[in-house]
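>>> What shape does this take:
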Amino acid sequence: MEMLNALGLNHTAFLQFAIFSVTFFVLTFGLFSPFAKALEERQERTKGASAASEDLVNETNSLRQQFETKARSINGEIKSIYDENRSQGVKESEKILTTAREQANSIVEKARASVAAQVTEAQRKLKDEVPVVANAIAAKLLSKKANS
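Numbering: from 1, shown residues only. Okay, here's the model as predicted:
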């Protein structure tokens, strides 16, 4: 101990060393270890969360691509159905127009035939009446000349 006293160390140095050691162990296991453990867990959760967010972004992109593919497919189907129905509508309208034209032509032909028959009948009647009218005109003209 004399040597320690010669160095200037006395029993308080041992006491200080003991207090330091106890404080060190208490702080290490009571404060620093739980803090380090909590920090490590936080970093793991952050890494896990960032990895999970990357996974979610990748999954979102995959789902978006699937949606776009299905949307294109459905749009193609809708377009084909629309085109098919449109072509059927055009065919049906052409059929209706053709039928209407045929009916109109039939009506026009019947009207022409009726008019032609009426014209022929009127001409026949006029031919029958021309001699009678001509005789009546001639008789009137001759009776006027005879009276004058």
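>>> in which helix or strand would I find Tyr60?
No, residue 60 isn't Tyr; it's Thr. Using DSSP states H and E, Thr60 maps to helix 33-147.
>>> and that helix, average pLDDT?
Here helix 33-147 scores 90 as its mean pLDDT.
>>> tell me what it is packed against?
Here helix 33-147 touches no other helix or strand, going by 3 or more Cβ pairs under 8 Å, 6 or more residues apart in numbering; DSSP states H and E. Using the backbone N, CA and C atoms, a C-beta is placed for each residue, glycine as well.
>>> chain center to that helix: distance?
The chain centre lies 22 Å from the centre of helix 33-147; the measure is Cα atoms, centre = their mean, to the nearest Å.
>>> Number of residues surrounding Leu9?
Per other Cβ atoms under 10 Å, the neighbour tally for Leu9 reads 14.
>>> err, Lys145, not the other one
Neighbour number of Lys145 under other Cβ under 10 Å is 8.
>>> Return the residues in contact with Lys47.
If you count contacts by Cβ atoms under 8 Å, 6 or more residues apart in numbering, Lys47 has none.
>>> Relative to Phe35, how far out is it?
19 Å (Cβ to Cβ, to the nearest Å).
>>> Ala122 now?
Distance from Ala122 to Phe35, by Cβ to Cβ: 124 Å.
>>> can you check Glu102 too?
97 Å.
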